[in-house]
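# The amino acid sequence is not available; the structure is as follows:
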């Protein structure tokens, strides 16, 4: 009888093991002030003047990366207005805009893959964006680290 009980327990244990694997493809995520942040929607597009925008949104929050082209390379933020990163949250009544720009903030965006065949773009990012209108008691800056965008759908040339 013991053999049957052991056999039954063994079959039960082996049958209850499953693999719940979730794939996060495509993805736009990172650590916002050391707290995990993952966008629910994302897009990448170029405008008529050739600027590339990679955007991710989570509810009322939005992260936008503006780069001069989709060529795989490292783009430095905080040097000029050609390559910038911004974060906004439109939910609060007073909407602070955190951004990098000429001598404002810092960071980098690295495009690792631009797949023309499948129209996707992948890479990494990290930045510290400054609240340009920070007053007393307001948060002066926001930090994104360990940011990744992976196989974001890319749309060439959007008219604005």
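Sure thing, it's come through. All figures in this text were calculated on a predicted structure; none of them were measured in a lab. Numbers count the residues shown, from 1 in each chain.

# center of this structure - which residue?
Among the residues of the chain, the smallest C-alpha distance to the mean C-alpha position (C-alpha atoms, centre = their mean) belongs to residue 28, namely 3.3 Å.

# what's across from it in the sheet?
residue 149 (DSSP bridges).

# With residue 149 as the reference, measure out to it.
According to C-beta to C-beta, to the nearest Å, residue 28 and residue 149 sit 5 Å apart. C-beta coordinates here come from the backbone N, C-alpha and C atoms, glycine included.

# Pull up the overlap in contacts between the two.
42, 54, 56 (C-beta atoms under 8 Å, 6 or more residues apart in numbering).

# is it true that the first one touches residue 26?
Yes - in this structure residue 42 lies within contact range of residue 26 using C-beta atoms under 8 Å: 6.4 Å.

# neighbour count winner among those two?
The neighbour comparison of residue 42 against residue 26 (other C-beta atoms under 10 Å) goes to residue 42, with 21 against 18.

# and the more buried one, what is it in contact with?
26, 27, 28, 54, 55, 56, 57, 149, 152, 153.

# residue contacts, the first one?
If a contact means C-beta under 8 Å, 6+ apart, then residue 26 has 42, 120, 149, 150, 151, 152, 153 as its contacts.

# Among those, which lie within strands?
When strands are assigned by DSSP state E, the members of those inside them are 42, 120, 149, 150, 151, 152, 153.

# Among the residues you listed, which one is most surrounded by other residues?
Going through the ones in strands among the contacts of residue 26 with other C-beta under 10 Å as the criterion, the one with the most neighbours is residue 149, at 27 neighbours.
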